[in-house]
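**Q** Coordinates for the following, if possible.
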Amino acid sequence: LLRRTGTRTWDVGQYGVPINEEDAAATLLAFSTNAVCGIEFVAGVGMARGEEEDYLALWRYIGWLLGVGVDDGGTSAGDGTDGVPRRRPLDPCGPGRAPAPDPIRHSRALLQSIIHHILDPDDSSAAVAHHLLSVGRDRPVPGAPPSKWFYFRNLQCRRFVGDPLADALQLPLHPYLPTRV
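**A** Residues are numbered from 1 along each chain as shown. Purely as a prediction, here's the structure:
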């Protein structure tokens with residue numbers, strides 16, 4: 001919004017607290033690049049390169065509509081002509097930087113970078129993960145042991161995020177070893 005208006009001030013009273021650009025980029029990447037990675041993981045085969053580029057282009061446009069920064073080559077308001085140097089936006093689904101712009105490589109690298117430095121689960125993260133993995137299929141009774149679906153979802157989550165993160169989120173394995181396969 002500030003880039004579009006060319007101003008450098010933010011009226012918290014009128015607009016509320018601004019959203020961090022990195023958080024907006026991470027959210028956009030969760031629905032774009034992360035979804036593509038999930039398809040590859042589950043299907044065992046990736047999308048065709050052209051399809052993945054088109055999918056990222058669609059999400060880049062959606063991000064732009066939502067206010068996520070897009071690198072337009074310095075043609076937007078606030079491009080440094082007002083004496084304040086313009087910081088290039090993250091442009092999470094964009095082509096990245098030269099010498100070889102590649103939207104797929106750029107979006108995956110940015111997603112990994114964001115995940116590695118902001119992901120630090122704590123007890124509240126574990127509580128949210130446990131709640132989300134137990135909702136739906138069967139309604140847990142307070143104090144009852146976890147259901148088979150809870151363990152199944154935990155196992156699938158472990159496969160997606162890896163054991164170190166699953167351990168940090170305190171995702172249990174099924175107590176009966178043969179069901180872990």
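**Q** contacts, neighbours, all on C-alpha from now
**A** Noted.
**Q** Mind jotting down where the strands sit in this protein?
**A** Counting by DSSP state E, the chain has no strands to list.
**Q** Just give me how far the longest helix anywhere in the chain sits from the chain centre.
**A** In the chain, taking DSSP state H as the definition, the longest helix is helix 49-66. Offset of helix 49-66 from its chain centre (C-alpha atoms, centre = their mean, to the nearest Å): 14 Å.
**Q** Also stretch 155-162?
**A** Chain-centre distance of stretch 155-162: 16 Å, with C-alpha atoms, centre = their mean.
**Q** Over to stretch 46-61?
**A** Chain-centre distance of stretch 46-61: 16 Å, with C-alpha atoms, centre = their mean.
**Q** and what of stretch 124-138?
**A** 19 Å.
**Q** Give the buried residues for it.
**A** Residues 126, 129-130, 133-134 are the ones in stretch 124-138 that count as buried (16 or more other C-alpha atoms under 10 Å).
**Q** Of these, which one scores lowest on pLDDT?
**A** In terms of pLDDT, the weakest of the buried residues of stretch 124-138 is residue 134, which scores 82.
**Q** how near is the closest residue to it other than its chain neighbours to residue 172?
**A** Leaving aside its chain neighbours, residue 134 sits nearest to residue 150 (5.2 Å; criterion: C-alpha to C-alpha, 6 or more residues apart in numbering). Separation of residue 150 from residue 172 (C-alpha to C-alpha, to the nearest Å) stands at 9 Å.
**Q** More neighbours: those two, which one.
**A** A direct count of neighbours by other C-alpha atoms under 10 Å for residue 150 and residue 172 places residue 150 higher, at 25 against 15.
**Q** Now do the most centrally placed residue in the chain against residue 147, distance only.
**A** Among the residues of the chain, the one closest to the centroid is residue 30, at 2.9 Å (C-alpha atoms, centre = their mean). In this view, residue 30 and residue 147 are 28 Å apart by C-alpha to C-alpha.
**Q** coming back round to it: give me the subset of the buried residues of stretch 124-138 that lies in helices.
**A** Short answer: the buried residues of stretch 124-138 in helices (DSSP H) are 126, 129-130, 133-134.
**Q** Good, we can wrap up now.
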